[in-house]
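> no sequence on this one, just coordinates:
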C-alpha cells in the first residue's frame, strides 16, 4: 500500500507541478518521506532520516521537505515541533492535496499539516497512472474496521471505505491500455471490499475479480492483504471459476494459539483458519500460501508459541513475515501487562523463522520439470543475458532471455532451485 501511495505522490507532482523523480537528493526540489507506523521505532527512523537531509535544506532554502503516511497521521504537528525545517505533513488520505500544501507553504512561510480523513476523496483527484511495467497496483479500498488490539492502522488510515466498482474498472482499463497485464488489487483488508455500482447495488471482491477477469487485456489478477474473517465461500469459489486469479494468497494468521488470537481480537480460531485453508486447497490444489506472525504478544506462553509452530507444520507456508510484537501507542494491547523476557521472545522468533525458512526452501522443489507462465519483470543485475520473471505463485525465476521480454508473459520450464529463486529455460516456439 505504501508503494502504491508513493507512486501516486510522484504521479501528482508530475501532473500538477511538472516534476520528475531523481535518485540524487542533492538535485531535488522536493524530498518526501512516506512512512509506516506498523512497527515499533518507526517514528525515530523518520527523525533520523530527516536529520540526514537537514543540511540540504540549509544549503538550499527553497527545498521542500515533507513527511507523509501513517507516522504523519499519528504524530501530526509533533513532527514540525521536533523538526521545524519540515514543510509539509500529510496522511495517506490527503496525498492528493500535496500541490496545495506546497503552494500554501510557499505563500505563508509556515509549515502545513493535513492529516484529516476525507474518505476516498483522493481517488477523484489523482491523475491517471502512467507506467511502462507489465504489472501494477490498484487500490480498491482504504482503512480498516477490524480494530485488532495490537494494530494502529485504523487510527492512522481510518475506517474501511470501498471505492465504487466503476472507478476500479476504469483504473484497470487505463492500465491495461498501457500494456499492463497483471493487476494487484490493494486494501488493508482487501477481501472486505463492498463497492457501490452505478445502479446503487453493492458488490463484493468475488464479483469484482470475475468482472476484471472478463477483460481480455487482463492476464493475471492478485489481491492483498486479506483477513480470514472475510474469506467467504464466494471468494474461495473464484479460485475454481477464474484461472486468471493467481494461485497464491497472503492470509495473515498472526498466532496458532486460540487464547492469543482472542487477546488480539482477531475474530477467528485456529480451527476456523485451518478450515479456510482446506477449502482453498480443494478449490485450487496448487495454491501457495504466505502469512504474517507476531511472536511475543503480551502474555504469550511457551504452550501458546508451540501451538503456532504446530499450525505452521500442519499448513506449510511458502513464504511468511514474522516479527516480535511491537507495542503501538494508543492501542489496547499497549495497556496489557507482559512479563515475558525479550531474550525468550527473540529465541522463539528464531525458531519460527527457521521452520518457515525450511518450508520455503522445500516447496519450490516440487516445481522442477514443470512449465510455468512467467511475467518478465527485469533484466538480471548480475548477468545482462538473463532476465527475472515472476511466476503465478509469486516466486522469482531467472533464465536466459532478452531485454525486449520485460513486461511480457512467457512460458518457462523450471530446471533448478536456488536459495530464494528458481532457475528456468525459456520454452521456445511461443506465440
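Received it, and whenever you're ready, just let me know what you need. Remember, it's a predicted structure, so these values are computed and weren't measured experimentally. Numbering: from 1, shown residues only.

> confirm residue 155 sits in a helix?
Yes - Residue 155: assigned to a helix according to DSSP: H, G, I helix; E, B strand; the rest coil.

> heads up, I number from 56, so please use that
In the new count, where the first residue is 56, that last one comes out as residue 210.

> does the spatially closest residue to it that is not a sequence neighbour count as helix, strand or coil?
Nearest residue to residue 210, sequence neighbours excluded (C-beta to C-beta, 6 or more residues apart in numbering): residue 385, at 5.9 Å. C-beta: built from backbone N, CA, C; applies to glycine. Following three-state DSSP, the label given to residue 385 is coil.

> ok, residue 385 - contacts?
Residue 385 makes contact with 129, 207, 210, according to C-beta atoms under 8 Å, 6 or more residues apart in numbering.

> and it, how close does it get to residue 156?
As for residue 385, its distance to residue 156 is 25 Å (criterion: C-beta to C-beta, to the nearest Å).

> list the helices and strands the strand or helix carrying residue 347 packs on?
Counting by DSSP states H and E, the element that carries residue 347 is strand 343-350. The contact analysis (3 or more C-beta pairs under 8 Å, 6 or more residues apart in numbering; DSSP states H and E) places strand 343-350 against strand 303-305, helix 357-370, strand 374-379, helix 397-417.

> next, count neighbours for residue 124.
Each residue near residue 124 was counted by other C-beta atoms under 10 Å, and the total is 27.

> pretty sure it contacts residue 91?
Yes - with contact defined as C-beta atoms under 8 Å, residue 124 counts as touching residue 91 (6.2 Å).

> mutual contacts of the two, please.
Residues touching both residue 124 and residue 91 by C-beta under 8 Å, 6+ apart: residue 57.

> can you give me the helices in the stretch 206-355 of the chain?
208-212, 220-231, 260-268, 288-296, 313-319, 325-338 (DSSP state H, counting those that start in this stretch).

> of all those helices, which one is nearest residue 348?
For residue 348, the closest of the helices of the stretch 206-355 of the chain is helix 313-319, at 10.8 Å, according to C-beta to C-beta.

> so which elements touch the closest one?
Packed against helix 313-319 by the contact rule (3+ C-beta pairs under 8 Å, 6+ apart) you find helix 357-370.

> I'd like the mean pLDDT over the helix it packs on, please.
Taken as a whole, helix 357-370 has an average pLDDT of 98.

> in it, what counts as buried?
359, 360, 362, 363, 366, 367, 370 (16 or more other C-beta atoms under 10 Å).

> and the angle for that helix with helix 397-417?
Orientation of helix 357-370 against helix 397-417 (axes from the mean of the first three to the mean of the last three C-alpha atoms, to 10 degrees) gives an angle of 10 degrees.

> got the contact list for helix 357-370?
308, 310-315, 325, 328-329, 332, 344, 348, 350, 403, 406-407, 410-411, 414.

> how about low-confidence regions in the stretch 56-205 of the chain?
Residues of the stretch 56-205 of the chain that meet the criterion pLDDT under 70 lie in 95, 174-187.

> could you pull out the helices for it?
Along the stretch 56-205 of the chain, the stretches classed as helices by DSSP H, counting those that start in this stretch are 57-72, 97-114, 125-130, 132-137, 153-163, 176-180.

> out of these, nearest to residue 418?
That would be helix 57-72 among these, by C-beta to C-beta, at 25.7 Å.

> in that closest one, what's buried?
So for helix 57-72, counting by 16+ other C-beta under 10 Å, buried means 60, 61, 62, 63, 64, 66, 67, 68, 71.

> now it and helix 153-163, what's the angle there?
Using the same axes, to 10 degrees: helix 57-72 against helix 153-163 is 60 degrees.

> which strands and helices lie in contact with helix 57-72?
Helices and strands touching helix 57-72, by 3+ C-beta pairs under 8 Å, 6+ apart, are strand 85-90, strand 119-124, helix 153-163, strand 190-194.

> quick one, which of these is packed in tightest?
The highest mean neighbour count among those, using mean count of other C-beta atoms under 10 Å, belongs to strand 119-124: a mean of 24.

> list the helices and strands that strand packs on?
Applying 3+ C-beta pairs under 8 Å, 6+ apart, one finds that strand 119-124 makes contact with helix 57-72, strand 85-90, helix 97-114, strand 143-145, helix 153-163.

> now the ones you listed in JSON lines, with distance to residue 231?
Shown next, in JSON lines, are these (distance: least, C-beta to C-beta, whole Å):
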{"stretch": "helix 57-72", "distance to residue 231": "17"}
{"stretch": "strand 85-90", "distance to residue 231": "26"}
{"stretch": "helix 97-114", "distance to residue 231": "35"}
{"stretch": "strand 143-145", "distance to residue 231": "30"}
{"stretch": "helix 153-163", "distance to residue 231": "27"}
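
> and the ones you listed: which comes nearest residue 444?
That would be helix 57-72 among those, by C-beta to C-beta, at 19.3 Å.

> dump the residue contacts of residue 321.
Residues counted as contacts of residue 321 (C-beta under 8 Å, 6+ apart) are 203, 283, 284, 309, 310.

> of those residues, closest to residue 102?
residue 203 (27.0 Å).

> residue contacts, residue 137?
residue 102.

> distance check, it against residue 205.
Per C-beta to C-beta, residue 137 is found 26 Å from residue 205.

> of the contacts of residue 321, buried ones?
Buried among those by 16+ other C-beta under 10 Å: 203, 283, 309, 310.

> isn't the last one right next to residue 351, touching?
Right, the one you point to is residue 310. No - taking contacts as C-beta under 8 Å, residue 310 lies outside contact range of residue 351: 10.3 Å.

> hang on, residue 389 in a strand?
No - under three-state DSSP, residue 389 sits outside any strand and is assigned helix.

> show the pLDDT at it.
At residue 389, the model reports a pLDDT of 92.

> I'd say it and residue 382 touch.
Yes - with contacts defined as C-beta under 8 Å, residue 389 counts as touching residue 382 at a distance of 4.8 Å.

> quick one: residues contacting the residue nearest to the spatial centre of the chain.
Central residue of the chain (C-alpha atoms, centre = their mean): residue 56, 4.6 Å from the mean position. Neighbouring residues of residue 56 by C-beta under 8 Å, 6+ apart: 147, 194, 241, 242, 243.

> mind running it again at 6 Å?
residue 241 (C-beta atoms under 6 Å, 6 or more residues apart in numbering).

> tell me how far it lies from residue 372.
Distance, residue 56 to residue 372, by C-beta to C-beta: 22 Å.

> same check on residue 155?
Using C-beta to C-beta, residue 155 is found at 44 Å from residue 372.
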